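*Asks:* below are the sequence and a predicted model; questions follow.
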Amino acid sequence: MNIVSLIMKFLTPDVIGRIASALGLNQGLVGKAVTAAIPALLGGVIKLVSKPGGAGQLSQALAQQKPGLLDSLASMLGGSEQKSLVDGGIGSLTSLLGGSAVNALTGAVAKHSGLDQGGTSSLLGVLGPVVMGTLGKQQKESGLDADGLAKLLVSQKDNVAGAMPSGFGSLLSGSGLLDSLESAASSGTAAAQRTAAQTVHAAERTAERASSGARWLWPLVILAAVALAAWYLWNSQPAQHAVDTARTAVTSPALTSPFDSLQGVMVGGADLSTTVSNTIDSIGSSLEGVKDAATAQASLPKLSEAAGHLDRLAAETSQLSPNIRKALAVAIAAVRPTLDQLANKALAIPGVGPLIKPAVEAIWAKLDVLAKA
């Protein structure tokens, strides 16, 4: 389980749009603020439950939440209950995290996102209940007492630290809000260095066992796994999280995409990792299936459909945070060499080039756009 992903699955682009509209804020800036505020709030909660009495304090606050808050949040936005929602959210956060921590978080999120202080404060007043509502729902569904919930939260340190936008932690330096995540952010570096080669070898062994039907994906998986691990390390994310991401990518028997690190990011009402992996898989499979002029002609509808998906993807992801767009760009760039090989092989077949070259060039131009996001 990833608590950040659970919360972000609730905060779909549609919900973020409703929040922005209700608060009179720019949706793009709100989206950017959300990606920083959610892990920061969770970091503060983890710090709270790590202190004596903190677990009981959190559990008591969750018990005081309005029943079904997540289900009713949309109807409260823009209505007569909006002010009480925002005020109650800020009050709850202040009680749990402390006034100075909430003020520091408001300033940091405002600076990171470009929102003003007032808009950021109102946004935190909405996000606080979203975080609390999700935690309360998880506690109830899992049958956890106060200590059980605390243990669950502490186990999420790596996920929370890994979701923090690059450089955002420095904006909260001195606030103490992220103290509980420091060990997660610094641990695992040595392990990452020791296991890097082992991860690649695991990828190669898994590729050897892959079925022939999906074999074209495995070089792409290896490249993406290494690229994603490097991206996490370069952006000061937890090293062990990077290793775990890469290892999962190259050893999972059910893997169909190298974009699993984007799971939980909702775009256009769908999971981003699923959307991208399906599109890339369609392109690769179509190109691999080209054997002659007839099969080239048959591949055109799927290639055209994939181009349309990439167009929509570029438009929908333009409002995502730079951190997410960069992760997508790195993954897209990593898959290109394998796709290039498939395309060049198909184009070299007599009679095929004139048929599919325009479609391939159109797709490549769209992939270039995504790789530069």
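*Replies:* Thanks, I have the structure now. Numbering: from 1, shown residues only.

*Asks:* CA atoms for contacts and neighbours, from now on please.
*Replies:* Will do.

*Asks:* residue 290 in helix, strand or coil?
*Replies:* In three-state terms, and counting by DSSP: H, G, I helix; E, B strand; the rest coil, residue 290 is coil.

*Asks:* that one reaches residue 346, doesn't it?
*Replies:* Yes: with contact defined as CA atoms under 8 Å, residue 290 counts as touching residue 346 (5.9 Å).

*Asks:* so what's residue 124 closest to, chain neighbours aside?
*Replies:* In space, and not counting its chain neighbours, residue 124 is closest to residue 90: 6.8 Å by CA to CA, 6 or more residues apart in numbering.

*Asks:* any idea which helix or strand carries the one you found?
*Replies:* Taking DSSP states H and E as the criterion, residue 90 maps to helix 82-97.

*Asks:* in terms of secondary structure, what does whatever helix or strand comes next after that helix contact?
*Replies:* Scanning forward in sequence from helix 82-97 by DSSP H and E, the next helix or strand is helix 99-113. In this structure, helix 99-113 makes packing contacts with helix 27-49, helix 82-97, helix 117-142, helix 168-171, judged by 3 or more CA pairs under 8 Å, 6 or more residues apart in numbering; DSSP states H and E.

*Asks:* so what's the residue count around the residue nearest to residue 126 when sequence neighbours are not counted?
*Replies:* The shortest distance from residue 126 to any non-neighbouring residue, by CA to CA, 6+ apart, is to residue 86 (5.4 Å). Neighbour count of residue 86, defined by other CA atoms under 10 Å: 22.

*Asks:* where's residue 86 relative to residue 18, distance?
*Replies:* Distance from residue 86 to residue 18, counting by CA to CA, to the nearest Å: 14 Å.

*Asks:* likewise for residue 360?
*Replies:* The value you get for residue 360 to residue 18, if CA to CA is used, is 38 Å.

*Asks:* which one's more surrounded, the two?
*Replies:* Set residue 360 next to residue 18 and count neighbours by other CA under 10 Å: residue 360 wins out with 21 against 18.

*Asks:* which strand or helix spans residue 174?
*Replies:* Going by DSSP H and E, residue 174 is not part of any helix or strand.

*Asks:* tell me how many other residues crowd it.
*Replies:* Residues lying near residue 174 (other CA under 10 Å) number 12.

*Asks:* start at 861 instead
*Replies:* Sure, I'll start counting at 861 from here, so that last one is residue 1034.

*Asks:* skipping adjacent residues, who's closest to residue 889 in space?
*Replies:* That would be residue 973: by CA to CA, 6+ apart, it lies 5.5 Å from residue 889.

*Asks:* among the helices and strands packed on helix 959-973, which is the most enclosed?
*Replies:* helix 887-909 (a mean of 24; mean count of other CA atoms under 10 Å).

*Asks:* and it, average pLDDT?
*Replies:* Averaging pLDDT along helix 887-909 yields 92.

*Asks:* can I get the helices and strands packed on helix 959-973 in JSON lines including distance to residue 1186?
*Replies:* Below are those laid out as JSON lines (distance: least, CA to CA, whole Å):
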{"stretch": "helix 887-909", "distance to residue 1186": "13"}
{"stretch": "helix 942-957", "distance to residue 1186": "31"}
{"stretch": "helix 977-1002", "distance to residue 1186": "24"}
{"stretch": "helix 1028-1031", "distance to residue 1186": "15"}
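
*Asks:* nearest to residue 1124, out of those?
*Replies:* With CA to CA, the closest approach to residue 1124 among those belongs to helix 887-909: 11.9 Å.

*Asks:* and the closest one, what does it pack onto?
*Replies:* helix 863-870, helix 873-883, helix 914-923, helix 942-957, helix 959-973, helix 977-1002, helix 1006-1014, helix 1017-1023.

*Asks:* and that helix, C-alpha only, in CSV?
*Replies:* Extracted as CSV, the C-alpha positions of helix 887-909 are listed here (Å, rounded to 0.1, in the frame of the first residue of the first chain):
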residue,chain,number,x,y,z
GLN,A,887,-6.1,24.9,-11.6
GLY,A,888,-2.5,24.4,-12.8
LEU,A,889,-1.0,26.1,-9.8
VAL,A,890,-3.4,24.2,-7.5
GLY,A,891,-2.2,20.9,-9.1
LYS,A,892,1.4,21.9,-8.5
ALA,A,893,0.6,22.9,-4.9
VAL,A,894,-1.1,19.6,-4.2
THR,A,895,1.9,17.5,-5.2
ALA,A,896,4.0,19.3,-2.6
ALA,A,897,1.4,19.7,0.2
ILE,A,898,0.2,16.1,0.4
PRO,A,899,3.6,14.5,1.2
ALA,A,900,4.5,17.4,3.4
LEU,A,901,1.2,17.0,5.4
LEU,A,902,1.8,13.3,5.7
GLY,A,903,5.4,14.0,6.9
GLY,A,904,4.0,16.2,9.6
VAL,A,905,1.5,13.5,10.7
ILE,A,906,4.3,10.9,10.7
LYS,A,907,6.3,13.2,13.0
LEU,A,908,3.3,13.6,15.2
VAL,A,909,2.7,9.8,15.7
